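> when you get a sec, could you give me coordinates for this:
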Amino acid sequence: MNMNIERTVLAFAGFMVLLGSTLAYFISPYWLLLCVFVGLNLLQAAFTRFCPLALMLKKAGLKNGTAFR
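Have a look, this model is predicted:
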């Protein structure tokens, strides 16, 4: 399976939400703030088409798709 920038961003966001949820359950509810941050970042990226992770992945050499610049 070829990973492009969009698939990697979505996989990373999903992992971060699961990680934040797990840490909130086992460690502290304050870890839910990580889930909120990821959700807000995804929301703003949907409207602005700007994603810091996408920029880093592009510089790392991943192929660009159509969702992010």
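
> could you list the low-confidence segments of this protein?
1, 67-69 (pLDDT under 70).

> okay, helices next: where are they in this structure?
Here the chain has its helices, by DSSP state H, at 5-26, 32-48, 52-59.

> which helices and strands sit right next to the last one?
Read it as helix 52-59. helix 5-26 (3 or more CB pairs under 8 Å, 6 or more residues apart in numbering; DSSP states H and E). Any C-beta I mention is one placed from the backbone N, CA and C, and that applies to glycine too.

> ok, and what's touching the helix it packs on?
The contact list for helix 5-26, computed with CB atoms under 8 Å, 6 or more residues apart in numbering, reads 3, 30-35, 38-39, 41-42, 45, 51, 53-54, 57-58, 62-68.

> JSON lines for the helices of the chain, including mean neighbour count?
Formatted as JSON lines, those follow (neighbours: other CB atoms under 10 Å):
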{"stretch": "helix 5-26", "mean neighbour count": "15"}
{"stretch": "helix 32-48", "mean neighbour count": "13"}
{"stretch": "helix 52-59", "mean neighbour count": "14"}
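
> return the distance of the residue most central in space within the chain relative to residue 5.
Central residue of the chain (CA atoms, centre = their mean): residue 13, 3.0 Å from the mean position. For residue 13, the distance to residue 5 equals 12 Å [CB to CB, to the nearest Å].

> swap in residue 37?
20 Å.

> same question for residue 59.
Taking CB to CB as the measure, residue 59 falls 11 Å from residue 5.

> roughly how far apart are the residue nearest to the centre of the chain and residue 63?
19 Å.

> residue 54 now?
Residue 54 is 12 Å from residue 63, by CB to CB.

> give me the number of residues near residue 49?
12 (other CB atoms under 10 Å).

> good, wrapping up.
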